[in-house]
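# Please work out how this folds:
(one chain, ligands or ions: 2)
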Amino acid sequence: MHELLSFLEKQHTELRKLISELEEKTTRRDGNKAEAFTALKKLLVPHMKSEEEIFYPLLLENEDARLFTYMAYEVHRMASIIIGDIDEERNNEERWAAQFRVLRQLFFDHIDQEEEDLYAFLEQFDAGRMKGALEALQEKQRSVVEEMFTESTSTVAERKSPELSRPEHEVIARAEAAGDPGGEQAG
Ligand SMILES: [Fe+2]
Ligand SMILES: [Fe+2]
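Ligands and ions are numbered 1, 2, ... in the order given. Just a heads-up that it's a prediction; the model follows:
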C-alpha cells in the first residue's frame with residue numbers, strides 16, 4: 001500500500017475512534033465534550049479539505065471512479081454541515097446526541113467506501129505522482145489546521161469549522177469543464 005493511503009487510513013482509524021467516543025459521551029450526556037469535539041474537528045476538517053483538493057481530483061481522472069468520488073464530495077458536504085451545526089448547538093444535549101449519531105452513520109460508511117472502493121483507482125499513478133500527492137495533502141492539512149487555530153482570538157473550543165462547500169464545487173466544476181478524465185494533470 002502506498003504511503004498516501006496508509007497515511008489516510010491511519011487518520012480514518014483515529015476518526016472512527018473520536019466520533020464513536022463523542023457519540024457515546026453525548027448519549028450519556030457526559031459534560032466533558034468540548035475538548036473531544038475540538039480534537040475531532042482538528043483532524044476531521046483538514047482530512048476532508050485535503051481529500052477534496054488533492055485525493056479526489058486524482059480519482060476524477062479515472063472515469064470509473066467518478067460516481068463514488070462525487071458521492072464522497074457529497075458526504076463531506078453533509079458532514080461539514082453537521083459539524084457546523086454542532087458548533088451552533090453547543091449546549092443542546094439532545095441535538096448533539098442525534099448529530100453525532102448521524103455523523104457516525106454517515107462517515108463510517110464513507111470511510112469504508114474510500115478504503116474499499118476508491119483506493120484501488122490510484123494504482124494507475126506512478127510512485128512520483130503519489131509521493132507528490134502525499135506531500136501536497138500533508139501540506140494542505142497543516143495549512144488548514146493553522147487557519148483554524150490562528151485566525152481569531154476566540155478559544156479553540158469556540159471556533160467554528162471553516163466553510164467547506166465552496167472549494168469542492170470549484171474542483172468538480174473544473175473537472176467537468178475539462179471534460180477529459182486525463183485532463184491537464186495527466187502525465
Ligand atoms: Fe473522505
Ligand atoms: Fe478519508
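
# ok, so what distance separates Leu59 from Leu137?
Separation of Leu59 from Leu137 (C-beta to C-beta, to the nearest Å) stands at 13 Å. Any C-beta I mention is one placed from the backbone N, CA and C, and that applies to glycine too.

# how far away is Glu146 from Gln11?
Glu146 is 17 Å from Gln11, by C-beta to C-beta.

# out of the two, which sits in the busier spot?
Set side by side, Glu146 and Gln11 show more neighbours around Gln11, with 18 against 11, by other C-beta atoms under 10 Å.

# Quick check: the more buried one touching Pro46?
No: when contacts are counted by C-beta atoms under 8 Å, Gln11 is not listed as touching Pro46 (9.0 Å).

# mind listing the helices for this structure?
Here the chain has its helices, by DSSP state H, at 3-27, 34-50, 56-60, 66-88, 93-113, 127-150, 165-178.

# buried stuff in stretch 139-147?
For stretch 139-147, the buried set under the neighbour-count rule, 16 or more other C-beta atoms under 10 Å, comprises Lys140, Gln141, Val144, Val145.

# Check what pLDDT Ile86 gets.
Model confidence at Ile86, given as pLDDT, is 87.

# Spatially nearest residue to it, not counting backbone neighbours?
Closest residue in space to Ile86, ignoring its immediate chain neighbours: Gln99 at 5.2 Å, by C-beta to C-beta, 6 or more residues apart in numbering.

# How about the contacts made by Ser143?
Listed by C-beta atoms under 8 Å, 6 or more residues apart in numbering, Ser143 has no contact partners.

# Report pLDDT for it.
97.

# Could you tell me how far it is located from Glu9?
22 Å.

# re the thing from before, could you redo the buried residues of stretch 139-147 as TSV and give each row distance to Glu114?
What follows is the buried residues of stretch 139-147, written out as TSV (distance: C-beta to C-beta, whole Å):
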residue	distance to Glu114
Lys140	17
Gln141	16
Val144	18
Val145	21
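
# tell me which of those is nearest to Phe37?
Val145 (15.3 Å; C-beta to C-beta).

# who touches that closest one in this structure?
Lys42, Pro46.

# can you tell me how far it sits from Glu23?
With C-beta to C-beta as the criterion, Val145 and Glu23 are 23 Å apart.
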